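**Student:** Structure of the sequence below:
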Amino acid sequence: MLCTCLSLKRLFRRCGLFFYFVNAMYMSVPHLFVLNGQPFIWYNNDDELLYLLKKERWVVMGKVHTANKSLIKDINTSTILQIVRERGPVSRADISKITGLNPATVSSNILNLIELGVVKEVGIGESSGGRKPTLLELNAGAFYVIGVDMGTTQVNTAVADMEGRIRHKTAMPFLGAFTPDEVLGVIKRSVHQVIERSGVDKGKILGIGMGIHGLVDSERGVSLFAPAFQWENVPVKDIFADEFSLPVTIDNDVRAMALGEKWFGSASDVSHFIVLNIGTGIGSGIYVNGELLRGAHFGAGEIGHISVVEQGEPCFCGKNGCLSTVASGPAMERRAREAIAGGEPSLITGLVQGDISKITGEIIYAAAVKGDALARRILDETGRYIGHAVSILVNVLNPEKILIGGGVAGGGEFLFRGMREIIAAKSMKNNIEKLTVGPTGLGGDCGMVGAAALILKDIFENPNQFKS
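**Tutor:** Numbering: from 1, shown residues only. Just a heads-up that it's a prediction; the model follows:
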């Protein structure tokens, strides 16, 4: 009987809802109310609504005017499409049961989605009595999106279908590019290249999602501050919308990774989780109550700038002793070079043929696999540093899962073992009893798939965009 709708913020902006209390006079129109922090639309009669409000102590937040029938239709279509995406193959009858929408409304919306090419019929299901139902699923290859994962040294770009499956991908290094024009110029070339090489009809590309390094105002589409490049207030969304004449959605790169894991990866079954990206820098994307946490000023998740070493190395953020200065890829490489230069024996020396400037995280891991004591110590220390910072988030947020991505995550159990030990030692027992810590489900594609999910999320909330 309940139907999840768009966020309150978007609904308020789109139809001017007003607040009122439970004892207000009810009209025979759909009502917006909130259950456990989530907005819902009620479609049945007001007597049933008033009874349930009293019984369940739900809080009524607003009312949708009858003049906004198109909004109700949009909400219905969006909800049905999400059910097909998440539960397909699924029948019309099951969609009706899940959403509470009457069968005629479901059938009408499904017909519209089939005509748009977004949903397709895929066979006959089992009958529980009566005629066997026709099953529906997402027509994933009908349209495509671009996912852009902007790091600090290169950009990874992919064409993906509507289920997040990558059709083609490419990587381009920045090669000393530093200014907004230079860096965004490289990203533009990568997008043009991946479209051309994918073989996908440009008319089937619905939009571009971009995961951007640093602080990002996702509402305005602006890169507020990119620490690695020291730029501020760059209107990335507008620049790419003008270049490609497509809808563009941007967010912080690790928040995009978290969205990707929620939609297509290892976090689809949980509402509270954290994704860490540990590479050249360190960041996190945080889900609380099934919602992506951005913070009051888009700064949530900057775990790489938690101080873990008193009077430590300077960080590019301007502070000292940040997690990024001891647990990022460059920090690991620096510690290995310093140890070897100081005379400590290591297999790493042979793997780089004596040129310690060539030490990378991959080399350190390879030496660890061969039993090298220095390499194993560096990975263990790195995991423990990360564990100290993560334990703070575990105590504050009580997540169900912590997923680790980025190049440093390639350290595997050499890294995870120490991390888990510190998390267990520093966190409240209640908060770690059911906590799991491990790699991201999407692996090295997590950033690109997450960026694709950014634009897919917008499109799925307004399926009529498929008409354009």
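
**Student:** What segments of the stretch 51-200 of the chain are helices?
**Tutor:** With helices called from DSSP state H, counting those that start in this stretch, the stretch 51-200 of the chain shows them at 69-87, 92-99, 103-116, 180-198.

**Student:** residues in contact with the shortest one?
**Tutor:** Defining contact as C-beta atoms under 8 Å, 6 or more residues apart in numbering, one finds that helix 92-99 is touched by 2-3, 76, 79-80, 83-84, 87, 101-103, 106-107, 110, 133-134, 136. No exception for glycine: its C-beta is placed from N, CA and C like everyone else's.

**Student:** Report the buried residues of that helix.
**Tutor:** R92, A93, D94, I95, S96, I98, T99 (16 or more other C-beta atoms under 10 Å).

**Student:** Could you check how far the fifth one is from L81?
**Tutor:** The reference is to S96. Separation of S96 from L81 (C-beta to C-beta, to the nearest Å): 15 Å.

**Student:** With D217 instead?
**Tutor:** 28 Å.

**Student:** what about these two, which has more around it?
**Tutor:** Neighbour totals were compared for D217 and L81, and L81 leads with 25 against 19 (other C-beta atoms under 10 Å).

**Student:** For the residue nearest to that one when sequence neighbours are not counted, give me its contacts.
**Tutor:** Using C-beta to C-beta, 6 or more residues apart in numbering and skipping residues adjacent in sequence, the residue nearest L81 is P463, 5.2 Å away. Applying C-beta under 8 Å, 6+ apart, we find P463 in contact with D74, T77, S78, L81, L113, L116, V118.

**Student:** Need the per-residue pLDDT for the first one.
**Tutor:** Note on D74: pLDDT of 74.

**Student:** just G281 next, same as before
**Tutor:** 87.

**Student:** ok, then the element right after the host helix or strand of G412?
**Tutor:** Element membership for G412 (DSSP states H and E) is helix 412-426. For helix 412-426, the succeeding helix or strand toward the C-terminus, using DSSP H and E, is helix 429-432.

**Student:** Which residue ranges of the stretch 201-350 of the chain form helices?
**Tutor:** 236-244, 253-264, 324-327, 329-341, 347-351.

**Student:** Now do the contacts for the spatially closest residue to I282 that is not a sequence neighbour.
**Tutor:** Distance criterion C-beta to C-beta, 6+ apart; nearest residue to I282, sequence neighbours excluded, is G304 at 3.3 Å. Shown in contact with G304 (C-beta under 8 Å, 6+ apart): G281, I282, G283, S284, C322, L323, S324, S328.

**Student:** Please produce CSV containing the contacts of P463, extended by distance to K401.
**Tutor:** As requested, the contacts of P463 are exported to CSV (distance: C-beta to C-beta, whole Å):
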residue, distance to K401
D74, 32
T77, 31
S78, 27
L81, 26
L113, 32
L116, 35
V118, 30
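
**Student:** Where does pLDDT dip in this protein?
**Tutor:** Of all residues in the chain, those with pLDDT under 70 make up the ranges 1-72, 464-468.

**Student:** What are the contacting residues of stretch 106-120?
**Tutor:** Residues outside stretch 106-120 that contact it (C-beta under 8 Å, 6+ apart) are 73, 76-77, 80-81, 84, 92, 95-96, 99, 121, 136-139, 142-143, 162, 463, 466-467.

**Student:** ok, F178 - how many residues close by?
**Tutor:** 12.

**Student:** for it, phi and psi?
**Tutor:** phi -140, psi -40 (degrees, to the nearest 10).

**Student:** the strands in the stretch 251-400 of the chain, which residues?
**Tutor:** 273-278, 282-288, 291-292 (DSSP state E, counting those that start in this stretch).

**Student:** Tell me which of the ones you listed sits most buried.
**Tutor:** Of all the strands of the stretch 251-400 of the chain, strand 273-278 carries the top mean neighbour count, a mean of 30, counting by mean count of other C-beta atoms under 10 Å.
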